[in-house]
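# Model the following, please.
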Amino acid sequence: MDADVEKDADEVRNGPPAAEERDGRSPVGTSDGPPPVVTGAGSPPAGPAGPSEPAGVGIMALSLPYQVVAAVALAVAGVFVCVHLAMVFLHVAPSNTLTKRHGQAVDDWVYPEFEQNWKLFAPNPLQQNISVEVRAELATAGGGRRTTGWIDLTAQDAAAIRHNPMPSHTQQNELRRAVDFYLNSHSDDDSPNGLRGHLSEEYMRRIAVLRLDADDSLDGSAVRRVQLRTVTRPLPAPRWSTEKNDVTPSYRDLPWWKVTDADRTDADRTDADRTDADRTDAGRTDAGRTDAGDRSRAEAGR
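Below is the predicted model:
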C-alpha cells in the first residue's frame, strides 16, 4: 500500500513515463550511440562521392599548342616513312618505268646509308669466294722502279678473323663492300659511272695504300702506283652431289692508279717524303762520287 502511494506521488511530481520507458527502450538523447543526422528539408541523404571525369590520354592530355606540334611531328614522320619505303621498294624491285625515269633520284636516296644486299638469299645465293689482291710499283734507291708480286689482302683479313671471337667490322666487310662499291659504279671496261665511280676508285686506292704502308715486307719503300684485282674461285660441289662444276679461278685486273698525297695519312705522308729526300740525297751522293772518280781518272790519264 505504501509502495503504491509513493509511485503515485512520483508520477504527480515528474509526469507520466514516456512511451520508450514503458517499452523498455532508452529515451531519445540518452543513448550512448551517435546522435541522428538531421538534414535540411527536402535535401536527399548524403551518399558516396561519384567518380570524377577521366582525364585525357595521349595527345589529348596536352595543351592545344603542344597538340598541334605533336600532330605536325607525327605527320612529318609518317610522310618520311612512306617515302622511304617507296624508295627502298623501287630500289630492290625489277627494272620498270619508274626506276628508268627516276633511277638517279632513287639511288641518291638509298646510297650509301640504306643500301640493300640480297646476295645471301634465294634464288641465287653466293657460290664462290672472291678475294682482293694488290701489287705496287715502288721507287728504288737508285731512282728506278720495281713491281711487287700480288699480295692477297683477303687472306690477311681471314687470318685476322680466324680464332678471333670478336673480329672488327673492318676486317669482315671493308674489302667486300669496297669491291661491291666499285663493281656497281663501273662498266665492264672499268669506266666510272659518275661521281660514285670516282669515289669508289679513291676508296679502293686508299685501302691499298694503307695496307701496303703497313706491310713490313716492303721495307718502307715508297709506293708510286698500285693495281688491284679480284679473284673469283667457284666453290666445288659437295661430296654427296653428282653435280660437276668448273672451279677454275677467274681474274679481273683493275687499272693502275697513281698514288697521291691525299691517299696517305699524315704520318705516312711524312715518312714517304722523308724516304724520298733520303733517296734524293743518296742519289746525289752517288752522282758526286761518280763525278769525282771520273775527274780523278781524267787527271791520272793526263
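# contacts and neighbour counts: CA atoms only from here.
OK.
# in this protein, which ranges drop under the pLDDT threshold?
1-56, 117-125, 266-302 (pLDDT under 70).
# Could you pull out the strands in it for me?
Along the chain, the segments classed as strands by DSSP state E run 128-139, 145-147, 151-152, 223-234, 250-258.
# mind checking which of those strands is nearest Asn193?
For the strands of the chain, the distance to Asn193 is smallest for strand 250-258, at 15.2 Å, taking Cα to Cα.
# I'd like the strands of the chain as JSON lines, with mean neighbour count and distance to Gly194 appended.
Shown next, in JSON lines, are the strands of the chain (neighbours: other Cα atoms under 10 Å; distance: least, Cα to Cα, whole Å):
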{"stretch": "strand 128-139", "mean neighbour count": "19", "distance to Gly194": "24"}
{"stretch": "strand 145-147", "mean neighbour count": "13", "distance to Gly194": "31"}
{"stretch": "strand 151-152", "mean neighbour count": "17", "distance to Gly194": "29"}
{"stretch": "strand 223-234", "mean neighbour count": "19", "distance to Gly194": "21"}
{"stretch": "strand 250-258", "mean neighbour count": "14", "distance to Gly194": "17"}
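# Number of residues surrounding the nearest residue to Arg135 once chain neighbours are set aside?
Among residues not flanking Arg135 along the chain, Trp150 sits closest, at 4.8 Å (Cα to Cα, 6 or more residues apart in numbering). Trp150: 14 surrounding residues under other Cα atoms under 10 Å.
# ok, now the one 10 residues further on?
A count of nearby residues for Ala160, using other Cα under 10 Å, gives 14.
# Relative to Ala178, which of the strands of the chain is closest?
Nearest to Ala178, of the strands of the chain and by Cα to Cα, is strand 128-139 at 9.9 Å.
# partners of the closest one in the sheet?
Its sheet considered, strand 128-139 pairs with strand 145-147 (antiparallel), strand 151-152 (antiparallel), strand 223-234 (antiparallel) by DSSP bridges.
# and of these, who's closest to His163?
Across the strands paired with strand 128-139, closest to His163 is strand 151-152 (Cα to Cα), at 19.3 Å.
# who touches the closest one?
Ser131, Val132, Glu133, Val134, Arg135 (Cα atoms under 8 Å, 6 or more residues apart in numbering).
# how close does Gly144 sit to Ala222?
According to Cα to Cα, to the nearest Å, Gly144 stands 11 Å off from Ala222.
# Among those two, which residue is more densely surrounded?
More neighbours surround Ala222 than the other of Gly144 and Ala222, with 24 against 8 (other Cα under 10 Å).
# Distance-wise, check Leu210 relative to Arg264.
7 Å.
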